[in-house]
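Visitor: model the structure of this input:
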Amino acid sequence: MRVLILGGTTEATKLCELIAPSNTSATLSLAGRTANPAPQSVPVRIGGFGGAEGLAAYLTQQKINVLIDASHPFAERISANAIAAAKLAEISLITLTRAPWTQVEGDHWIEAGDLAAAALALGDVPRRVFLTSGRLGLAAFEAAPQHDYLIRTIDPPEALGLPRARIILDRGPFSESAERMLMIEEKIEILVTKNSGGEATYGKIAAARALGLPVVMIRAPARPEGLTLHDPQEVMRFIEAHPARSGVDRGV
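Guide: The predicted model follows:
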């Protein structure tokens, strides 16, 4: 059994740890957007494939039996390419993604469909904003330059067009207590984040709730229909139960 994992998430790393001691041969593919990716327990390939056709060619050349899309919930292009490539190569495709966060009592969420809507949701009155939506979408907030931003990213942004902003570089997981202390020290008034789900970065949501702060929550794009799992253990059981076979299998 040969597996290609489109990764870059905590779930992908956990799946690799499960696969490493098994008889399955796996390669983890990373887009290369993070300068210093975390060490992995399986061989890693970094860089793009050249679209869906390039990915399909790689799958065929490497005799991959199962393609696992464990990319970030907001990586729409990667997921679309995975669907098309699996069909072209006639192999199984599994989507491993996190269940999105849901509101609980005490949460005050302002739903936003995308980054541009999130910037507008901050309002006209200047506020102290904790911006955790990633470095690649910061340009959207140039439409709201009146705010004072604290921006947390893993790698520094290439360009920043916000006149009142400070960057902190850090990698999760982040605990609720640490996030709460940071928000208090930085006098944060509102949090902006993507609904990427998972436990690693949920601490900021819990901290905002405890402090009574509003959260601008950017909705994740809809995932395609098919075999979608939320637990790396479930994916591992699927792999072990379904040896190499031809044809696209999306669980339907």
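Visitor: report the central residue of this protein.
Guide: The chain has residue 72 as the residue nearest its centroid, 2.6 Å off, counting by CA atoms, centre = their mean.
Visitor: ok, now which ones touch that one?
Guide: 8, 9, 196 (CB atoms under 8 Å, 6 or more residues apart in numbering). Any C-beta I mention is one placed from the backbone N, CA and C, and that applies to glycine too.
Visitor: nearest to residue 234, out of those residues: which one, please.
Guide: residue 9 (15.2 Å; CB to CB).
Visitor: against residue 52, how distant is residue 236?
Guide: Computed as CB to CB, to the nearest Å, the residue 236 to residue 52 distance reads 26 Å.
Visitor: max-length helix in this protein?
Guide: helix 76-89 (DSSP state H).
Visitor: secondary structure of residue 151: a strand, I assume?
Guide: Yes - under DSSP: H, G, I helix; E, B strand; the rest coil, residue 151 falls within a strand.
Visitor: which residue is the nearest non-sequential neighbour of it?
Guide: Among residues not flanking residue 151 along the chain, residue 131 sits closest, at 4.7 Å (CB to CB, 6 or more residues apart in numbering).
Visitor: go on, residue 122?
Guide: residue 144 (5.2 Å).
Visitor: show me the contacts for the one you found.
Guide: 119, 120, 122.
Visitor: do residue 101 as well
Guide: Shown in contact with residue 101 (CB under 8 Å, 6+ apart): 195, 197, 202, 205, 217.
Visitor: quick check: residue 235 touching residue 96?
Guide: Yes - with contacts counted by CB atoms under 8 Å, residue 235 reaches residue 96, the gap being 5.2 Å.
Visitor: residue 104 versus the residue nearest to residue 151, what's the distance?
Guide: 23 Å.
Visitor: so which of those two has more stuff around it?
Guide: residue 131 (27 against 9; other CB atoms under 10 Å).
Visitor: which strand residues bridge that one?
Guide: Residue 131 has the following beta-bridge partners by DSSP bridges: residue 151, residue 192.
Visitor: my read: it touches residue 157, true?
Guide: No - if you go by CB under 8 Å, residue 131 and residue 157 don't touch, sitting 10.9 Å apart.
Visitor: what touches both of the two?
Guide: Counting by CB under 8 Å, 6+ apart, the residues touching both residue 131 and residue 157 are 138, 151.
Visitor: what's the closest non-adjacent residue to residue 174?
Guide: residue 203 (4.5 Å).
Visitor: just to revisit the earlier point, what comes up buried for the longest helix of the chain?
Guide: 78, 79, 81, 82, 83, 84, 85, 86, 88, 89 (16 or more other CB atoms under 10 Å).
Visitor: redo those residues as TSV? Include pLDDT and distance to residue 113.
Guide: Listed next are the buried residues of helix 76-89 as TSV, based on pLDDT from 0 to 100; distance: CB to CB, whole Å:
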residue	pLDDT	distance to residue 113
78	89	20
79	89	18
81	93	23
82	93	23
83	92	22
84	93	25
85	94	27
86	93	28
88	95	31
89	94	33
